[in-house]
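>>> Here is my input, please return the structure:
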Amino acid sequence: MEYLIYSAFSSISNWIFIVAFIVIFSKVSRLNRVIEDLKNQIATSKPNTKLYNKEVTNPSSEVTSYGDVLRNIDTPEQVENDTYQSSKIQTSVEPNSPQVSNWFKENILLKIGVLMVIIGFGWFVNYAFAHNWIGPVGRITLGVLIGALVTMVGTVRLPKNLVQGNALTILGSAIAILTLIAGTYMYSFFSPFVLLTFVFLISLYVTVSAVAYSSQKLAIYGILVSLVAPILSPAGIDSVVLYLYLLIVSITTIWISVVKEWRDVSPIGISGVLFYTLSFVTGGHRTYGLEYTILFVSYFTSAIYLLVNIWGLIKNKLEVEGVDIYLSIVNTVIILSITNSIVPTVYKSLAVAVWMLAYAFSGFYVFQKTQKEKFFYIHALISILFLAVATSLELSGSTLVIAFAIEAAIISVSSFIITNKISASEKLGVLFIAPFVMSLESINTSKWYYGIFHSDFAVLLVMATIFALLGLFFNSNKSSENSNLRMGSIFSILSTFYVYTIIWLSTHFLFSNDTAVFISLFIYTVVGLATHFNGIFNHNSLMKKYGLVLLILVVIRLVLVDIWNMELVFRVITFIVLGAMFMSSAFISKNQSSLNLIKS
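Now for the predicted structure:
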C-alpha cells in the first residue's frame with residue numbers, strides 16, 4: 001500500500017504536464033479553427049452564421065466587400081465570451097463538448113504560474129517521500145489536504161462547467177478517501193467508526209454540492225461512496241451502528257429524490273440496504289442483544305421508502321415505471337428477510353400481516369387518488385404474498401390448501417368491489433394456481449381407502465364449491481369483452497373436475513371396483529349427454545363441446561383401461577347400457593331437428 005502511495009504521488013507531476021499540454025493544445029486548436037473559418041467565409045462571401053450564433057443583417061443582399069462580411073461575424077474573443085456566458089447560465093445541463101480553454105481565458109499567466117508551482121511541489125513531494133523527509137502523519141495529512149483542495153476547486157467549477165466540476169470533485173474526494181483508507185490500514189491512525197464518519201462526511205459534502213448545482217451523476221457518486229464506506233472498514237462495523245448508518249444514508253437519499261425529483265436515486269439507496277441486509281441474515285454479526293433495535297431501524301427505513309414512493313406518485317401523477325416496481329420488490333425482500341431473521345416465531349405471522357395491510361391499503365389509496373391500476377396490482381400481489389407467508393406460518397396440510405383457496409376467492413372478488421372492473425378480478429384469478437396444484441395431493445392420498453369424510457375430502461369439496469361460485473360470479477358480471485366469460489367457463493369446468501373426482505373416489509370406497517367403474521362412467525355419460533344436447537338446443541357451442549369431450553373421455557377410459565379389468569358380466573352390462581345411451585342421442589338429435597323444422 002505504501003508503494004502505491006509513492007507511485008500515486010510520483011505520477012502527479014507527469015499527469016499535470018499532460019493536462020497542461022492538453023489545455024494549451026486545445027487553446028491553440030480553437031484559435032486555428034476560428035482563423036480557418038474566417039478565411040473560408042471571406043473566400044466564399046457567405047458567413048457561417050450558425051457557427052457564430054449571429055444572423056446576417058441582410059442575408060439576401062449582395063455582399064460587395066470583405067468589410068461587409070467581417071462586420072456580420074463575431075470576432076474570436078466575442079465567440080469565446082458568448083460561450084462562457086451561456087455556460088454560466090445553463091448550469092443544470094452538462095455540455096456535450098466542454099471547452100477546457102474557457103478556464104484559461106483570463107489571467108492565463110497567473111494560472112500557468114500556479115501550474116508550475118504545483119508541478120514543482122509534486123516533484124518535492126516525490127523526492128521527500130523517497131528520502132523519508134515526510135513521516136506517516138505528514139503523508140496522510142498531505143493527501144487529505146490535496147484531496148480537499150481538489151474537491152473545493154471542483155465545487156467552485158460546478159456552477160460554470162458541470163463536466164469539469166464533476167471530474168475534479170470526484171478526483172479530489174477519491175484522493176481524500178484513499179488517503180484515509182491508507183491511514184487506517186497502514187498506520188492504524190483511524191478506528192473503523194472514525195473512518196466511516198470521515199468517508200460519510202466527504203460523501204455528504206459531494207452529495208449536497210451535487211444537489212446545489214443539479215448534477216445527478218455527482219449525487220449518484222456520493223450515494224455510492226456512502227454505501228461502500230462500511231465495507232472499507234478493516235475490522236467491520238457493528239450491526240447496530242451499520243443499520244443506524246444505513247438509516248441516515250437512506251434519509252439523505254430520499255431527501256435528494258424528493259428535492260430534485262430524481263427517481264433514479266432511490267433504487268441505489270435501497271439496493272445498498274438490501275445488500276447489507278442479506279449479508280446480515282446470512283452471516284454472523286455482532287448485535288449484543290440489540291436485535292430489536294436493528295428490526296426497528298430496518299422497518300422504519302422500509303416504511304420511509306414506501307411512503308415516499310406513494311407520495312411521489314400521488315403528488316406528481318406519474319406513471320408507474322420500473323423504478324417503482326423495483327423499489328416495491330426490494331422492500332419486500334428486506335422486510336421478509338429481517339422478519340424471518342429477528343422476529344420470534346410466535347410473532348412472525350403477526351408482523352407479516354401488518355405489512356400485508358400496509359401494502360394493501362397503500363395500493364388501494366394510490367389507485368383511488370391516481371386511478372393507476374398498475375400500482376394497485378403490484379401492491380396487491382405483494383400483500384397477497386405477505387398473506388400467503390402469514391398463512392403458511394400458522395397452518396399446514398389440508399387446512400393450508402383450504403385457507404389459500406378461500407383467501408384467493410376473497411381477494412379476487414374484493415378487487416372487483418374496489419376497482420369496479422371485472423377484469424381486475426379476472427386477472428387475480430391466477431392466484432388459484434397455488435391451491436389447485438396443492439389440492440392434487442388430496443386425490444392420491446391413502447385416506448380414501450379408509451373412508452370418505454376426511455380432510456382431503458374437505459379439500460376437494462371446498463375447491464369444487466369455490467370454483468362453481470366463481471364461475472357463476474364471472475358469468476353474471478359480463479363486460480363488453482368476452483374474456484370474463486371464458487374465465488367463468490374455466491372455473492365452472494374446474495369445479496366439475498373436482499365433482500367427478502369425488503364421485504370416482506367415493507364409489508370405489510363404497511362398491512367393488514367393477515361396480516364403482518360402471519356407476520361412475522354411467523354418471524359421466526349422463527352428464528355428458530345432457531350438457532351436449534343442452535348446448536345444441538340453446539345454441540351454446542361451449543356446452544356442446546364440453547359434453548362431447550366428456551363423452552369421448554368416457555369411451556377412451558372404457559376401451560383403454562376398464563375393459564381389461566372388468567369381469568365378463570360387468571363388461572357386457574357396461575357396454576350395452578352405455579351403447580344404448582349413445583344410440584339414443586341420434587333420436588334426440590332427430591327429434592330436435594323435426595321440432596326446429598315445425599317452428600320454422
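>>> from here on, contacts and neighbour counts on C-alpha atoms
Fine.
>>> Where does the prediction get shaky in the protein?
1-134, 234-236, 284-289, 316-320, 478-485, 562, 564, 585-600 (pLDDT under 70).
>>> Tell me which residue lies nearest the centroid of it.
residue 326 (1.6 Å; C-alpha atoms, centre = their mean).
>>> so who does residue 136 touch?
residue 187 (C-alpha atoms under 8 Å, 6 or more residues apart in numbering).
>>> what's the spacing between the residue nearest to the centre of the chain and residue 379?
Using C-alpha to C-alpha, to the nearest Å, we find residue 326 at a distance of 12 Å from residue 379.
>>> what's next to stretch 169-176, contact-wise?
143-155, 202-203, 206, 218, 221.
>>> still on that earlier bit, the helix or strand containing the residue nearest to the centre of the chain: which residues count as buried?
When elements are assigned from DSSP states H and E, residue 326 belongs to helix 322-342. For helix 322-342, burial by neighbour count (16 or more other C-alpha atoms under 10 Å) applies to 324, 327-328, 330-332, 334-339, 341.
>>> C-terminal to that helix, what's the next element?
Helices and strands here follow DSSP H and E; after helix 322-342, the next one along the chain is helix 345-370.
>>> Can you list the buried residues in that following helix?
Those would be 348-349, 351-353, 355-357, 359-364, 366-367, 370, for helix 345-370 by 16+ other C-alpha under 10 Å.
>>> And stretch 179-194, by the same measure?
Buried residues in stretch 179-194, counted by 16+ other C-alpha under 10 Å: 179-185, 189-190, 192-193.
>>> got the end-to-end distance for that stretch?
14 Å.
>>> Now find how far off-centre that stretch is within its chain.
37 Å (C-alpha atoms, centre = their mean, to the nearest Å).
>>> which residues sit in contact with residue 335?
298-299, 302.
>>> Among these, name the ones in strands.
Assigned to strands by DSSP state E, none of the contacts of residue 335 qualify.
>>> Just the buried ones out of the residues you listed, please.
Here, 16+ other C-alpha under 10 Å leaves 298-299, 302 buried among the contacts of residue 335.
>>> before we move on, the earlier item: correct me, but the residue nearest to the centre of the chain touches residue 267?
Yes: assessed by C-alpha atoms under 8 Å, residue 326 is found in contact with residue 267 at 7.2 Å.
>>> ok, for residue 571, nearest residue in space, not its chain neighbours?
Ranked by C-alpha to C-alpha, 6 or more residues apart in numbering and with sequence neighbours excluded, the top spatial neighbour of residue 571 is residue 563, at 6.4 Å.
>>> Residue 570 is in contact with the one you found, correct?
No: assessed by C-alpha under 8 Å, residue 563 is found out of contact with residue 570, at 9.2 Å.
>>> thinking again about what came up before, show me the residues around the residue nearest to the centre of the chain that make contact.
Residue 326 touches residue 267, counting by C-alpha under 8 Å, 6+ apart.
>>> And the residue lying closest to residue 464 once chain neighbours are set aside, how close does it get to residue 552?
Nearest non-adjacent residue to residue 464, counting by C-alpha to C-alpha, 6+ apart: residue 495, 4.2 Å away. In this view, residue 495 and residue 552 are 19 Å apart by C-alpha to C-alpha.
>>> What of residue 512?
With distances taken as C-alpha to C-alpha, residue 512 is found 24 Å from residue 552.
>>> out of the two, which sits in the more crowded spot?
Between residue 512 and residue 552, residue 552 has the larger neighbour count (other C-alpha atoms under 10 Å), namely 13 against 10.
>>> The more buried one and residue 415, how far apart?
In terms of C-alpha to C-alpha, residue 552 sits 38 Å off from residue 415.
>>> can you put the buried residues of helix 322-342 in JSON lines and add distance to residue 159?
Formatted as JSON lines, the buried residues of helix 322-342 follow (distance: C-alpha to C-alpha, whole Å):
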{"residue": "324", "distance to residue 159": "32"}
{"residue": "327", "distance to residue 159": "32"}
{"residue": "328", "distance to residue 159": "36"}
{"residue": "330", "distance to residue 159": "36"}
{"residue": "331", "distance to residue 159": "36"}
{"residue": "332", "distance to residue 159": "40"}
{"residue": "334", "distance to residue 159": "39"}
{"residue": "335", "distance to residue 159": "41"}
{"residue": "336", "distance to residue 159": "44"}
{"residue": "337", "distance to residue 159": "44"}
{"residue": "338", "distance to residue 159": "43"}
{"residue": "339", "distance to residue 159": "46"}
{"residue": "341", "distance to residue 159": "47"}
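>>> ok, of the residues you listed, which one's closest to residue 488?
residue 328 (31.5 Å; C-alpha to C-alpha).
>>> so what's the closest one up against?
Counted by C-alpha under 8 Å, 6+ apart, residue 328 has contacts 306, 378-379.
>>> out of those residues, which is most surrounded?
residue 379 (23 neighbours).
>>> related to what we said a few turns ago, from what I see, the residue nearest to residue 464 and residue 462 are in contact.
No: Residue 495 lies out of contact with residue 462 (C-alpha under 8 Å); the separation is 9.6 Å.
>>> Do a quick rundown of the strands in the stretch 351-500 of the chain.
For the stretch 351-500 of the chain, strands defined by DSSP state E, counting those that start in this stretch do not occur.
>>> What ranges does it have for its helices?
Per DSSP state H, counting those that start in this stretch, the stretch 351-500 of the chain carries helices over the ranges 373-394, 397-419, 422-427, 433-439, 455-476, 483-510.
>>> Tell me the helices and strands packed up against the first one.
Read that as helix 373-394. When contacts are defined as 3 or more C-alpha pairs under 8 Å, 6 or more residues apart in numbering; DSSP states H and E, helix 373-394 packs onto helix 322-342, helix 345-370, helix 397-419.
>>> Show me which residues of it are buried.
Under the neighbour-count criterion of 16+ other C-alpha under 10 Å, helix 373-394 has 373, 375-384, 386-393 buried.
>>> Ok, the third one next?
Of the residues in helix 422-427, 422-426 count as buried by neighbour count, 16+ other C-alpha under 10 Å.
>>> ok, residue 495 and residue 462, which is more surrounded?
With neighbours defined as other C-alpha under 10 Å, residue 495 and residue 462 compare such that residue 495 has more, 23 against 19.
>>> Quickly note the distance from that one to residue 251.
51 Å.
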